[in-house]
Each structure stands twice: as structure tokens, then as C-alpha cells.
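Participant: sequence and predicted model, in that order:
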Amino acid sequence: MHKIFRITPCAVVVACILSLSPAHAHRVNVFCWVEGKTIHCQSSFAGGDPVQNGELSVRTPSGETLISGKTDKQGKFSFSAPDADQGDLRVTVQAGMGHKGAWPIKSGEYIPENEKSGKSNGDKTQTGKENPKKSMPADAFSTANADRLQAVVQNALQKELAPVKKELARLRQDRITPQDILSGLGYILGLMGIALYFKAKKS
Amino acid sequence: MHISEGVLNWPVLAGGAAIAVLGVYVGLKKLDTSRIPQTAIMASAFFVASLIHVPIGPASMHLLLNGLMGIVLGWACIPAILVALVLQALLFQFGGLTVLGVNTIIMAFPALACGLVFQCFPNRSPRQVAGLSFILGSAAVLGSALLAAAALTLSGQAFINAARLLVLAHLPVSGIEGIITAVAASFIYRIKPEILPLRERTHAQNI
């Protein structure tokens, strides 16, 4: 009996270690956000450690690799967004040892909506705009000013929104919740019940 | 140790799945009704152990507990590990459904080997059981690392690189696993030896 008492604390310690930090694991997380013309990617293991020297590649829907590189010490990688609409991009990070994570970037994220529509029916809008410009040359100055103002506002907005976008992207990642753990344990117990039922039926 | 989706090529995935199905079949055939609850408990332990992060070493690793599973369950560790891996893939996004077969082999076969070795040494003193399970517990982790390296090699990565990286990364985990396995197995052996698959032989010898 003495041995039982000696070992029980050990078992309790092990049980405590086992129940520690349920949010950690080694899945590779990667998320990207757009800031102006640059796309920033941040990758980490689910424990929070950055993926250093992870092989990052950006692929188009057709499977063509646009950009590839290695993540830095903080697990970051930045690249300039493609000028033309390349469709929905997919960023993958290979962290070695068979670990891989991916993040989708929608084409609407890196090509602003107004530019997209401007490109597809650009001729029409330009011809439409030229008429009033020609008829009222005095306005040319103010439209140029308005364009510049718009650019300034857009720049400022992008700068202000970058952290928000980053936070949103971070939150959009899958995380492990206590519900996941409990439901897993529940499934195992359910399977045990099913197995016992069938074995009992047989015998 | 979970290989992610999209890393291996399909012949490796298909071969892995076929071998895993065979292993699960044998494991289920050998599963005794009275050992089903125990198998479920061990599957739960394995399922949760993957969330325990070991922050030592070059990469972020987690506990496996596959050595302990092999010692306690024997052949039944294969279906138990498969179930836990399915749930890890679905709920935690570890590994993936197409990689299930390969991941099952990676985790379960070293576990099975440890279990069979453990059964070869019935009737030992608790101290010897602790020593043996320390060795088996850490060997199971390294065995899994080598199998994972082999799977990556078959899909085109250089074996030496993959193996060195995987084994190095798992050295700290394997030490910790050895300690946990030794504590757990010797605890079970002292308190309730009939839980271990070698109970028939020890029981007969004790009488």
C-alpha cells in the first residue's frame, strides 16, 4: 500500500501536465492581409512559435506559382500584390517534416473593386467623362485635385485599416476550442458504446 | 508527427491506406469485448495528448503516447489510434483525411512493435517494467519519426534530411514520453497488472 501512496502523487503530476495548455499543438497556421499594394503573410505553429525559414509559395487557381520565398525569423513574408487580376490566390507554407498550412486570398482583396470595374469597362467610363471635361475646361483642375485627394484618402485608410485586417485574418483562423476536445472525447465514448453493443449481440 | 494534406503523393497515400486497413482489421479481430472500454480510454488519451505542446527543441512538437498505447493495448492500438486520428483531423485540422492511412501507420506500427516487445518480457519486477517501458516509450516516438521520414522520402524528399530533422526534433519529446510511459506503465503494473496484456502469463506464474 505504501507504494500506492508513493506513486499516486506521480500520477497526479502527470495528469496535471497532461491537462496543461490545451491550446497548443503543431499545426501550421498561416494568414495574410493586404496593405495597399503589399500582401503580408504571417505563419506560426499553433503553439504560437513562428515558422522560421518556412517555404512559402503563392499559387494561382490554375496551379501556377506566382511568388515563392522563405519566411523570416518572425515567420513573416511580404510580397507586392499582382497588378492584374489573377483570380483567388492560395498561399501555402511548408514548415518541413510534412507540416503544411494554407490561406486563401480572394482576388477582391488585392485588387480594389473600383479598379476591377474600371478595367473591364474602362473605355466607356473614360469616353463618358471626357465630354464634360472638354466642355468645361475650368473643371479639369478640380478633378485632378479630387483624384489626388482620393489617392491620399485611400492611402491613409489602407494604413489605418492594415492592423484591423491583420487582426481579422488572425481571428478567421481555425482554432481549437474546449468544445472540440469534449466532442472528440464524446465521439470516442460513443464508438465504445457501439462496439460493446455489437460484441454483446454476437456473444 | 501528423503529415499534412497535400505533402505526400497518391501512391504513398493509397499504399498507406491499404496497410492501415489491414492493421485495423487484425486489431479489431483481436479486440476482446472486455478490453473495449480500456481501448476507448487509451484512444481518448492519445487524442488529447496531441494538444500538449513540448516547447523544447528546434520545432514545436507534441506528445504522442503511442508507446504507452502499444504497451497497454497490444494489437488493439491500431484501431484506437485510427479513431483518435480521424477525430484529430476533423476537429483540430491535424493531418487530414486523405493522409489518415499513412499517419495511422506512422503512429501505430511503432506502438504495436513496443507492445509486442513488452509482452515478450512477462513477470518482471516493477523497476524492470519501468526501465523497459522508458526505453519502449522513447523508442516508439523515434520509430514514428523514422516512419514519417520514410513516407516523406517515398514522396520525393531526401531521406537523410527528413530523417535527421524529424529525429532531432523529436529527441526531447522522446525523453519526456519515455518518462511518462515508465511512470504510467509501472503504476499500472503495481496497482492493476491485469490491465496489461501480459496478465495471463504473470497470473499463471504467480499462482
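Facilitator: Received, thanks.

Participant: all contacts plus neighbour counts: C-alpha atoms, from now on.
Facilitator: Will do.

Participant: give the next helix or strand downstream of the helix-or-strand element of chain A with minimal mean pLDDT.
Facilitator: Each helix and strand of chain A was given a mean pLDDT (mean pLDDT, DSSP states H and E); the minimum falls on helix A:122-135 at a mean of 47. Once helix A:122-135 ends, the next helix or strand along the chain (criterion: DSSP states H and E) is helix A:139-172.

Participant: just the helices in chain B please.
Facilitator: For chain B, the helices defined by DSSP state H cover B:10-29, B:36-49, B:66-73, B:77-87, B:100-119, B:126-154, B:159-191, B:199-206.

Participant: and among these, the most buried is which?
Facilitator: Highest mean neighbour count of the helices of chain B: helix B:66-73, a mean of 31 (counted as mean count of other Cα atoms under 10 Å in any protein chain shown).

Participant: quick one: mean pLDDT for that helix?
Facilitator: Averaging pLDDT along helix B:66-73 yields 92.

Participant: A:Arg175 belongs to a strand?
Facilitator: No. Under the criterion used here (DSSP: H, G, I helix; E, B strand; the rest coil), A:Arg175 is coil, not part of a strand.

Participant: from what I can see it touches B:Phe92, true?
Facilitator: Yes. Taking contacts as Cα atoms under 8 Å, A:Arg175 lies within contact range of B:Phe92: 7.5 Å.

Participant: the more surrounded of those two?
Facilitator: A direct count of neighbours by other Cα atoms under 10 Å in any protein chain shown for A:Arg175 and B:Phe92 places B:Phe92 higher, at 22 against 15.

Participant: pLDDT-wise, which helix or strand of chain B ranks last?
Facilitator: Of chain B's SSEs (mean pLDDT, DSSP H and E), minimum confidence goes to helix B:199-206, a mean of 46.

Participant: check whether stretch A:96-103 comes near chain B.
Facilitator: Yes. Under the criterion of Cα under 8 Å from any Cα of the partner chain, chain B is reached by stretch A:96-103 at A:96-101.

Participant: can you put those in a markdown table and add pLDDT, neighbour count and secondary structure?
Facilitator: Formatted as a markdown table, the residues of stretch A:96-103 next to chain B follow (pLDDT from 0 to 100; neighbours: other Cα atoms under 10 Å in any protein chain shown; DSSP: H, G, I helix; E, B strand; the rest coil):
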| residue | pLDDT | neighbour count | secondary structure |
| --- | --- | --- | --- |
| A:Gly96 | 71 | 19 | strand |
| A:Met97 | 69 | 25 | coil |
| A:Gly98 | 70 | 22 | coil |
| A:His99 | 76 | 23 | strand |
| A:Lys100 | 80 | 25 | strand |
| A:Gly101 | 81 | 21 | strand |
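
Participant: tell me which two in those residues are the farthest apart.
Facilitator: In the residues of stretch A:96-103 next to chain B, two members sit farther apart than any others by Cα to Cα. They are A:Met97 and A:Gly101, at 12.3 Å.

Participant: quick check: the closest residue to B:Ser144 other than its chain neighbours vs B:Gly143, distance?
Facilitator: Of all residues not flanking B:Ser144 in the chain, B:Ile106 sits nearest, at 5.1 Å (Cα to Cα, 6 or more residues apart in numbering or on different chains). With distances taken as Cα to Cα, to the nearest Å, B:Ile106 is found 8 Å from B:Gly143.

Participant: just B:Ala76 next, same as before
Facilitator: On the measure of Cα to Cα, B:Ala76 and B:Gly143 end up 19 Å apart.

Participant: again, but for B:Ser133
Facilitator: For B:Ser133, the distance to B:Gly143 equals 15 Å [Cα to Cα].

Participant: likewise for B:Thr33?
Facilitator: Per Cα to Cα, B:Thr33 is found 30 Å from B:Gly143.

Participant: which residues does B:Thr33 contact?
Facilitator: Residues near B:Thr33 by Cα atoms under 8 Å, 6 or more residues apart in numbering or on different chains: A:196, A:199-200.

Participant: filter those down to the ones in helices?
Facilitator: Per DSSP H, the subset of these in helices is A:196, A:199-200.

Participant: and these as CSV, adding distance to B:Ile52, pLDDT and neighbour count?
Facilitator: Output for these, formatted as CSV (distance: Cα to Cα, whole Å; pLDDT from 0 to 100; neighbours: other Cα atoms under 10 Å in any protein chain shown):
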residue, distance to B:Ile52, pLDDT, neighbour count
A:Leu196, 30, 90, 18
A:Lys199, 34, 83, 15
A:Ala200, 36, 84, 10
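
Participant: of these, which ones also sit close to chain B?
Facilitator: Near chain B, by the rule Cα under 8 Å from any Cα, you find A:196, A:199-200 out of these.

Participant: what's the burial count for residue 193?
Facilitator: Since no chain was named, I'll use chain A. The number of residues near A:Gly193, taken as other Cα under 10 Å, comes to 15.

Participant: right idea, wrong chain: chain B
Facilitator: Using other Cα under 10 Å, B:Pro193 is surrounded by 17 other residues.

Participant: quick one: pLDDT of it?
Facilitator: Per-residue confidence (pLDDT) for B:Pro193: 81.

Participant: wait, B:Leu116 sits on B:Gly74?
Facilitator: Yes. Contact criterion Cα under 8 Å: B:Leu116 and B:Gly74 qualify, at 6.6 Å.

Participant: where does pLDDT dip in the chain?
Facilitator: Picking chain A for this. Judged against pLDDT under 70, the low-scoring parts of chain A cover residues A:1-26, A:46-48, A:97, A:112-140, A:173-174.

Participant: was after chain B, sorry
Facilitator: Checking chain B against pLDDT under 70 turns up B:1, B:55-60, B:123, B:198-207.
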